[in-house]
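> Pasting the sequence and the predicted model now:
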Amino acid sequence: MDRGFNEVLNSHKNESDVFFPYLVRLLTNFPSHSCANSTTMVRPIQQTHTFQNLIIALFLLVLATSVDAYAQGLDSLLLPGEKHLSNIRQLTYGGENAEAYFSFNEKQLCFQSVRDSFQCDQIFRMNVDGSDVTLISTGKGKTTCSYFLHGDTTILYASTHGHDTACPPKPDFSKGYVWPILPTYDIFVATLNGTIVNQLTKTDGYDAEATVSPRGDKIVFTSTRDGDLDLYSMNLNGSGVKRLTDEPGYDGGAFYSADGSQIVYRSHHPIGKELDQYRTLLKEGFVRPSVMEICFMNADGSGKKQVTSFGAASFAPFFLPDGKRIIFASNFKDPKGRNFDLFLINTDGTGIEQVTFNETFDGFPMFTRDGKHLVFASNRHDRNKGETNVFMADWKE
């Protein structure tokens, strides 16, 4: 919406508070036409002037009320307590849509979606207003975790189509809630019309969760190539692979800071019997994401620091542009572990603050470089229960 019109809305949004008392005064002082009140007769010109004022006041009250309603409608997706968000726009409607990330010029988003005739996730791109949705992946196999490369002419994503064109089996939830760690995932690069121009990983095991440094020179990704779920970096052409984490347990879902000097990620390093259970489950191709903490490190893997200690499922972290705070999704406030909201936290672990207050799911946040806009996925405003859609919001400090 035009910024100037927003200013008009803001300047008039409380005018009903001004005109309503004025209208009351007019009605109170308007002369009576009762025959019994002949002693209070006023001149016709005075009555005409007062009547005109009454009509003007009524018109202004209706106008102010309409503007109020329209202004409130602009934030109909905003929930009580969400003081950092305004002007929320819904970009997708129906299906499962998530992990939407900005292009380098911030005019487009790439995201994964189960929609139309597709039975498992495929990669799409769209304009930041939700228009021009275009399929990027092959439409075969299962995909995840897309990201624009520098220059915005290509997009990387992970896919299983190189091993099997069918959708993989769904997880066996007899083991509880688990995430599949598919060994058939590899990372590909495609043009904006979907033509694959490179395959970056060819090793056995899971290769996925890739994101690109704002410097445009490095990729960080998650892999099981060395027998555990760890983070690695590589050059844009897939060369120069370097292992960044080596503690037993899950390290993944990483994003670079705005200046490319640091990496924030989710992590869980169990010990004892819990570590044995983790390793057994991983051999079967699964991980149980019930406990994940937020950590960050330097881009070369040094200086690792744990930020949260909630003992809950915290994931999808992203640095704010100032590099001093992190936004992430977590269920730590829900005793049942079902409700995920977005939270802010300082990199030293202080200053935890809840950002969203949806009763089901909010996750996968990403900021524009200037910190003025936030894209995220949410179950809010779903037409059918369980739908996840992509939303954009203006950010307020």
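Alright, I've got the coordinates. Numbering: from 1, shown residues only.

> you'd agree Arg115 is up against Gly94?
Yes - with contact defined as CB atoms under 8 Å, Arg115 reaches Gly94; the gap is 7.0 Å. From N, CA and C alone the C-beta is placed, and that goes for glycine too.

> how about the helices in this structure?
Along the chain, counting by DSSP state H, helices occupy 3-12, 16-29, 44-74, 272-283.

> rank those by pLDDT, which is bottom?
Ranked by mean pLDDT, the helices of the chain end with helix 3-12 at the bottom, a mean of 33.

> distance between the ends of stretch 125-136?
End-to-end distance for stretch 125-136: 7 Å, by CA to CA, to the nearest Å.

> Please apply the same query to stretch 330-343.
Stretch 330-343 has an end-to-end distance of 7 Å (CA to CA).

> Leaving out the residues flanking it, which one is nearest to Gln199?
Phe188 (5.3 Å; CB to CB, 6 or more residues apart in numbering).

> partner residues bridging the one you found?
Under DSSP bridges, the beta-bridge partners of Phe188 are Tyr157, Gln199.

> That one is in contact with Gly194, isn't it?
No - between Phe188 and Gly194 no contact is recorded; they are 10.5 Å apart, counting by CB under 8 Å.

> ok, these two, which is more surrounded?
Phe188 (24 against 16; other CB atoms under 10 Å).

> tell me the pLDDT at that one?
Reported pLDDT for Phe188: 98.

> per-domain residue ranges of the protein.
The record assigns the chain these domain ranges, following automatic domain parsing: 3-74, 85-395.

> what's the most buried one of those?
domain 85-395 (a mean of 18; mean count of other CB atoms under 10 Å).

> Give me the distance between the two termini of it.
Distance between the two ends of domain 85-395: 5 Å, counting by CA to CA.

> Please state the offset of that domain from the chain centre?
A distance of 11 Å separates the centroid of the chain from that of domain 85-395, by CA atoms, centre = their mean, to the nearest Å.

> so where's this protein shaky on pLDDT?
Along the chain, segments meeting pLDDT under 70 span 1-74.

> got a list of what the residue nearest to Gln199 touches?
Taking CB atoms under 8 Å, 6 or more residues apart in numbering, we find Phe188 in contact with 156-159, 162, 196, 198-200.

> Export those as a markdown table, with columns for distance to Val128.
Formatted as a markdown table, the contacts of Phe188 follow (distance: CB to CB, whole Å):
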| residue | distance to Val128 |
| --- | --- |
| Leu156 | 20 |
| Tyr157 | 19 |
| Ala158 | 23 |
| Ser159 | 24 |
| Gly162 | 31 |
| Ile196 | 25 |
| Asn198 | 26 |
| Gln199 | 29 |
| Leu200 | 26 |
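
> give the contact list for Met244.
One thing to correct before we go on: residue 244 is Leu, not Met. Leu244 touches 220, 230-233, 251, 263, 297, 300-301, counting by CB under 8 Å, 6+ apart.

> How about Thr224?
So Thr224 contacts 181, 183, 205-206, 230, 282 (CB under 8 Å, 6+ apart).

> one step back: can you tell me which of the contacts of Phe188 is nearest Ala377?
Using CB to CB, Tyr157 is the member of those that sits closest to Ala377, with 16.5 Å.

> list the contacts for that closest one?
By CB under 8 Å, 6+ apart, Tyr157 lies in contact with 110, 112, 123, 136-137, 143-147, 187-188, 190, 210.
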